[in-house]
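A.B. asks: got a structure for you, letters missing:
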């Protein structure tokens, strides 16, 4: 059996240090005289020079309750770190070992390497061996592709998932597979913003005449200005509600007309329709589909449709799926702008909505139903 570890009192340590500070003995000689290692004596000297009052506090002086509190705090810290590691790793245990190594390398400054290795079921020696190996050509390509993916996410307001990111990267002449893009985005925690659950806001409890459902959920059109769908949504601000009325072209998914008001009244939808008519000058027999809200069923709105030879179509009562295309457009606006912004004023909301619709949604945002083209690019391609 080896020699038992020696312990020394605080007084012994102080007097040992005095041998070299006050009596002039060298560290090696003083250590030899005391029967201790010179490194230990040097450590005592350094600790005493930093704080001679609280140096060498010793062990076993805490009360049992204080010791238990410290122990629990240490355990809680470990558990908290483990939860964060597992949360951030996002199920990496299902993926290849190199992906786990990359995660550990990216987070090594925040979490202990040994703890991450244990939780991700890899060895520390394997991780450090992976670090010493030169970067492969595949890893270099992935690193360059990740830079491109992050650039796309930044320029598209972080709203794109892997299919649209892949389409944008392909447009920029970066050759890669869609599944590869999806895998790298998952690894980096990059994902499209998710829309919230649908909430019905329109009621049709009025006695105004309603039109039949001519659209019948046929959300396809062979050319622009053949079918428009219309609806109203709300935007919260600190000054109160702001209401948005919009019309979308079924063929190109372009928002062709829109209006904003702090009141949910007929002029709101009239403004949106007049904007669309002025911009598009549609041919006769265009189909206009909306819900049965009193704004759309009003005599003034229907008269405006009639003057431009536009056929009216309306959803069934309480059935949002009859106007699913318009609900989808508003759902994107909510998830990609409204739910992410705390509008201080209605004026701020107006400016942000204008920028989203006219700059981003109509001219930049890629739509999967359009072959990942923007509405403006799609209309230019079919013109």
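C.D. replies: Yep, it's here. Because the structure is predicted, anything quoted here is derived from the model rather than measured.
A.B. asks: Every contact and neighbour count from this point should use C-alpha atoms.
C.D. replies: Fine.
A.B. asks: Where does the prediction get shaky in the stretch 1-150 of the chain?
C.D. replies: The model of the stretch 1-150 of the chain has pLDDT under 70 over residues 1-6, 23, 51-64, 66, 90-95, 135.
A.B. asks: quick one: the helices in it?
C.D. replies: With helices called from DSSP state H, counting those that start in this stretch, the stretch 1-150 of the chain shows them at 10-21, 27-34, 38-50, 64-89, 97-106, 113-119, 124-132, 137-155.
A.B. asks: Which other helices and strands does the last one contact?
C.D. replies: I take that to be helix 137-155. helix 162-171, helix 178-188 (3 or more C-alpha pairs under 8 Å, 6 or more residues apart in numbering; DSSP states H and E).
A.B. asks: Identify the residue nearest residue 338 in space, chain neighbours excluded?
C.D. replies: residue 235 (6.8 Å; C-alpha to C-alpha, 6 or more residues apart in numbering).
A.B. asks: again, but for residue 219
C.D. replies: residue 250 (6.1 Å).
A.B. asks: picking that back up, columns distance to residue 176 and mean neighbour count on top of the helices of the stretch 1-150 of the chain, output as TSV?
C.D. replies: Output for the helices of the stretch 1-150 of the chain, formatted as TSV (distance: least, C-alpha to C-alpha, whole Å; neighbours: other C-alpha atoms under 10 Å):
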stretch	distance to residue 176	mean neighbour count
helix 10-21	66	16
helix 27-34	65	16
helix 38-50	57	15
helix 64-89	24	13
helix 97-106	18	18
helix 113-119	31	17
helix 124-132	25	14
helix 137-155	8	14
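A.B. asks: just to revisit the earlier point, check the gap between the residue nearest to residue 219 and residue 125 for me.
C.D. replies: Noted for residue 250: a distance of 58 Å to residue 125, by C-alpha to C-alpha, to the nearest Å.
A.B. asks: what does residue 352 give?
C.D. replies: Distance, residue 352 to residue 125, by C-alpha to C-alpha: 52 Å.
A.B. asks: What of residue 246?
C.D. replies: Taking C-alpha to C-alpha, one finds residue 246 at 60 Å from residue 125.
A.B. asks: Ok, residue 182 next?
C.D. replies: Residue 182 is 30 Å from residue 125, by C-alpha to C-alpha.
A.B. asks: Likewise for residue 230?
C.D. replies: From residue 230 to residue 125 the distance is 62 Å (C-alpha to C-alpha).
A.B. asks: Now do residue 241 against residue 383, distance only.
C.D. replies: Following C-alpha to C-alpha, the distance that separates residue 241 from residue 383 is 39 Å.
A.B. asks: between those two, who's got more neighbours?
C.D. replies: Regarding residue 241 and residue 383, a neighbour count based on other C-alpha atoms under 10 Å identifies residue 241 as having more, with 16 against 8.
A.B. asks: So which bits of the helix or strand hosting that one are buried?
C.D. replies: Element membership of residue 241 [criterion: DSSP states H and E] is strand 240-249. Within strand 240-249, the residues that count as buried by 16 or more other C-alpha atoms under 10 Å are 241-249.
A.B. asks: Can you give the strand pairings for it, parallel or anti for each?
C.D. replies: According to DSSP bridges, strand 240-249 forms sheet pairs with strand 227-237 (antiparallel), strand 255-261 (antiparallel).
A.B. asks: Switch the ones you listed over to TSV; also include mean neighbour count, mean pLDDT and distance to residue 38.
C.D. replies: As requested, the strands paired with strand 240-249 are exported to TSV (neighbours: other C-alpha atoms under 10 Å; pLDDT from 0 to 100; distance: least, C-alpha to C-alpha, whole Å):
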stretch	mean neighbour count	mean pLDDT	distance to residue 38
strand 227-237	23	94	70
strand 255-261	23	94	80
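A.B. asks: Can you give me the distance of the closest residue to residue 170 other than its chain neighbours to residue 166?
C.D. replies: Ranked by C-alpha to C-alpha, 6+ apart and with sequence neighbours excluded, the top spatial neighbour of residue 170 is residue 176, at 7.5 Å. Look at residue 176 and residue 166: by C-alpha to C-alpha, they are 8 Å apart.
A.B. asks: who's more crowded, the two?
C.D. replies: residue 166 (25 against 15).
A.B. asks: and the residue nearest to the more buried one when sequence neighbours are not counted, how many residues sit next to it?
C.D. replies: With C-alpha to C-alpha, 6+ apart as the criterion, residue 166 has its nearest non-adjacent residue at 5.6 Å, and that residue is residue 178. Neighbours of residue 178 under the rule other C-alpha under 10 Å: 16.
A.B. asks: And for residue 295?
C.D. replies: Neighbour tally, residue 295, other C-alpha under 10 Å: 23.
A.B. asks: which parts of the helix or strand hosting it are buried?
C.D. replies: Assigned by DSSP H and E, residue 295 belongs to helix 294-297. Buried residues in helix 294-297, counting neighbours by 16+ other C-alpha under 10 Å, are found at 294-297.
A.B. asks: Let me have these in JSON lines, extended by pLDDT and distance to residue 216.
C.D. replies: Putting the buried residues of helix 294-297 into JSON lines (pLDDT from 0 to 100; distance: C-alpha to C-alpha, whole Å) gives the following:
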{"residue": "294", "pLDDT": "89", "distance to residue 216": "21"}
{"residue": "295", "pLDDT": "91", "distance to residue 216": "21"}
{"residue": "296", "pLDDT": "93", "distance to residue 216": "18"}
{"residue": "297", "pLDDT": "91", "distance to residue 216": "18"}
